[in-house]
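Colleague: No sequence on hand, only this structure:
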């Protein structure tokens, strides 16, 4: 791909990460700045907002300026996950 990709991946434990080896390989081989991957591993990491579990929404909040800068530059955002994990 020719653009820039930023993946924010969230799972409860690191053993649940899908395609970790493939993503690591992509990071090693991508041109500088083309691929960024952040992990939110809720049962193993803490957020810098309140010290609680780290979820995808915390990663986005902690990188809000970067997200909005990317959106201003024409970025597309895709969210996916299990509907049952969202609050009612």
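Modeller: Sure, I can see it. If you're wondering where the values come from, they're calculated on a predicted model, not measured in any experiment.
Colleague: phi, psi of residue 5?
Modeller: Residue 5 has phi and psi values of phi -120, psi 140 when expressed as degrees, to the nearest 10.
Colleague: measure it to residue 44 for me?
Modeller: Separation of residue 5 from residue 44 (CB to CB, to the nearest Å) stands at 24 Å. Every residue, glycine included, has its C-beta placed from N, CA and C.
Colleague: ditto for residue 75
Modeller: 28 Å.
Colleague: what about the nearest residue to residue 45 once chain neighbours are set aside, how many residues close to it?
Modeller: Leaving aside its sequence neighbours, residue 45 sits nearest to residue 54 (CB to CB, 6 or more residues apart in numbering; 3.9 Å). Per other CB atoms under 10 Å, the neighbour tally for residue 54 reads 22.
Colleague: from what I can see residue 54 touches residue 41, true?
Modeller: Yes - with contact defined as CB atoms under 8 Å, residue 54 and residue 41 form a contacting pair (6.8 Å).
Colleague: Residue ranges in this protein under the pLDDT threshold?
Modeller: Per-residue confidence for the chain (pLDDT under 70) gives these ranges: 1, 83-88.
Colleague: picking that back up, OK, contacts around the residue nearest to residue 45?
Modeller: Counting by CB atoms under 8 Å, 6 or more residues apart in numbering, residue 54 makes contact with 40, 41, 42, 45, 46, 47.
Colleague: So which of these is surrounded by the most neighbours?
Modeller: residue 40 (21 neighbours).
Colleague: Packing partners of the helix or strand harbouring that one?
Modeller: Applying DSSP states H and E as the criterion places residue 40 in strand 35-41. Strand 35-41 sits against strand 5-11, helix 20-29, helix 56-62, with contacts defined as 3 or more CB pairs under 8 Å, 6 or more residues apart in numbering; DSSP states H and E.
Colleague: among these, which is nearest residue 69?
Modeller: Shortest distance between residue 69 and the helices and strands packed on strand 35-41, using CB to CB, is found for strand 5-11: 11.2 Å.
Colleague: Now tell me what touches that closest one from outside.
Modeller: 17-18, 23, 34-42, 55-56, 59-60, 70, 81.
Colleague: repeat that for 10 Å
Modeller: 16-20, 23, 26-27, 30, 34-45, 54-60, 63, 66-67, 70, 75, 77-79, 81, 85 (CB atoms under 10 Å, 6 or more residues apart in numbering).
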